[in-house]
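1. please find the sequence and the predicted model below.
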Amino acid sequence: MDSKKLRNITMAGLFAAMITIMTAYLFHVPYGVNGGYIHFGDMLIYLAAVLLPKPYAIAAAAIGGGLADILTAPAWAPYTIVIKALLCIAFTSNGEKIVTVRNVAAAVIAYPITCLGYFVAELIMFGSKEVAFWGSVSGNLVQCTGSLILFIAVGVVLDRIHVKNLLTAEAK
């Protein structure tokens, strides 16, 4: 196995672990009666999507988000695995910066993916459109906004220390 592939697998595993911990335990705020919760683990999904090639980022997001739900709200895990994987698609790991117009736009695109994804999940699980809409969308808007702000803040700091260049240089 070449060093670049090993680096990507290792980083994906580390991101999956960090996503699990951030989602399940750090800033984990239960919300509503549906078993859902607000968290900022999506910020780490966004970072993984910018720092890793797409297949590795998707794996980290799906595994990390899925494990967090298995640990805290297991009924949500199948939906979360799909939704979190979809969040990675619009981001790009190309370029030298984390915070780019495209990556900020991708974090904004995460809003409808998250809100619609969990709305459909709640509709399937609970059946009521009104309960699913109000129970899902309001909490997800808070979660997406917090994750976007943290992604930009952490991304700016990481860009200032040229993390992407450091990671690329280490992989060669």
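-> Alright, I've got the coordinates.

2. which one's the longest helix in the protein?
-> As assigned by DSSP state H, the longest helix anywhere in the chain is helix 129-160.

3. how about it: buried residues?
-> By 16 or more other Cβ atoms under 10 Å, the buried positions in helix 129-160 come out as 132, 135-137, 139-140, 143-144, 146-148, 150-152, 154-155, 158-159. Any C-beta I mention is one placed from the backbone N, CA and C, and that applies to glycine too.

4. measure A24 to L116 for me?
-> Noted for A24: a distance of 23 Å to L116, by Cβ to Cβ, to the nearest Å.

5. who has more neighbours, these two?
-> It is A24, of A24 and L116, that has more neighbours when counted by other Cβ atoms under 10 Å, with 20 against 15.

6. which ones are touching that one?
-> 39, 41, 67-69, 71-72 (Cβ atoms under 8 Å, 6 or more residues apart in numbering).

7. so what's it closest to, chain neighbours aside?
-> In this structure, A24 finds its nearest non-sequential neighbour in A68, 4.0 Å apart by Cβ to Cβ, 6 or more residues apart in numbering.

8. average pLDDT for the host helix or strand of that neighbour, rounded please.
-> Assigning secondary structure by DSSP states H and E places A68 in helix 54-72. Regarding helix 54-72, the rounded mean pLDDT is 96.

9. which of the residues in whichever helix or strand comes after that helix are buried?
-> Using DSSP H and E, the next helix or strand after helix 54-72 towards the C-terminus is helix 77-87. Under the neighbour-count criterion of 16+ other Cβ under 10 Å, helix 77-87 has 77, 79-81, 83-87 buried.

10. show me what the helix or strand just after helix 77-87 is packed up against.
-> The helix or strand immediately downstream of helix 77-87 is helix 101-126, counting by DSSP H and E. Using 3 or more Cβ pairs under 8 Å, 6 or more residues apart in numbering; DSSP states H and E as the contact test, the elements touching helix 101-126 are helix 42-51, helix 77-87, helix 129-160.

11. thinking again about what came up before, now render the contacts of A24 as TSV, adding distance to G127 and neighbour count.
-> Shown next, in TSV, are those (distance: Cβ to Cβ, whole Å; neighbours: other Cβ atoms under 10 Å):
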residue	distance to G127	neighbour count
H39	25	24
G41	27	25
L67	27	20
A68	25	26
D69	20	24
L71	26	15
T72	23	18
